[in-house]
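Novice: Sharing a model prediction with you, sequence too.
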Amino acid sequence: MSRGHRDRVSDILTAIADIRTDTAGMTLAAFEKSPTVIRSVLYSIGVIGEAVKAISQDFKDAHPDIPWRAIAGIRDRIVHEYFRTNTRRIWDVVQDDLDPLEDALKSAFSIPSSH
């Protein structure tokens, strides 16, 4: 079964929601002391990156404001260089990068923002 960019964007939005749920009320210190939450967030970031890789180039070209390459790149670093994963950098992604990504994707599909 072929999945289109709407399906992939839905996967990304679900992964963002999962990350928010898993990290709700956490500080960096709490995050760094929770290997289970770290693994869950890394998995969700991996899903986001994999979904981005599967989105058509035409869709990506139509939305150049989204840093597609950087998103796929962090997924690659998590998967291929897992031994170098920096929890502080992952926390920065959670804190700084998810809202703009969610907003851009929802804007592309005229979905109201939830935050």
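Specialist: Cool, the structure landed.
Novice: Contact partners for residue 75?
Specialist: Contact partners of residue 75, counting by Cβ atoms under 8 Å, 6 or more residues apart in numbering, are 45-46, 48-50, 52-53. All C-beta atoms are positioned from the backbone trio N, CA, C, and that covers glycine.
Novice: Going by residue numbers, what spans are helices in the protein?
Specialist: Remark: helices of the chain, listed N- to C-terminal, are 5-23, 28-32, 35-54, 57-62, 68-80, 87-92, 98-108; assignment by DSSP state H.
Novice: which outside residues touch the second one?
Specialist: Read it as helix 28-32. Applying Cβ under 8 Å, 6+ apart, the contact partners of helix 28-32 are 23, 37-38, 41, 87-88, 91, 94.
Novice: want to throw the residues you listed into TSV with distance to residue 74, neighbour count and pLDDT?
Specialist: Compiled in TSV, the contacts of helix 28-32 are given as follows (distance: Cβ to Cβ, whole Å; neighbours: other Cβ atoms under 10 Å; pLDDT from 0 to 100):
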residue	distance to residue 74	neighbour count	pLDDT
23	16	21	98
37	17	17	98
38	14	18	97
41	12	24	98
87	13	16	95
88	14	9	96
91	13	19	97
94	11	22	97
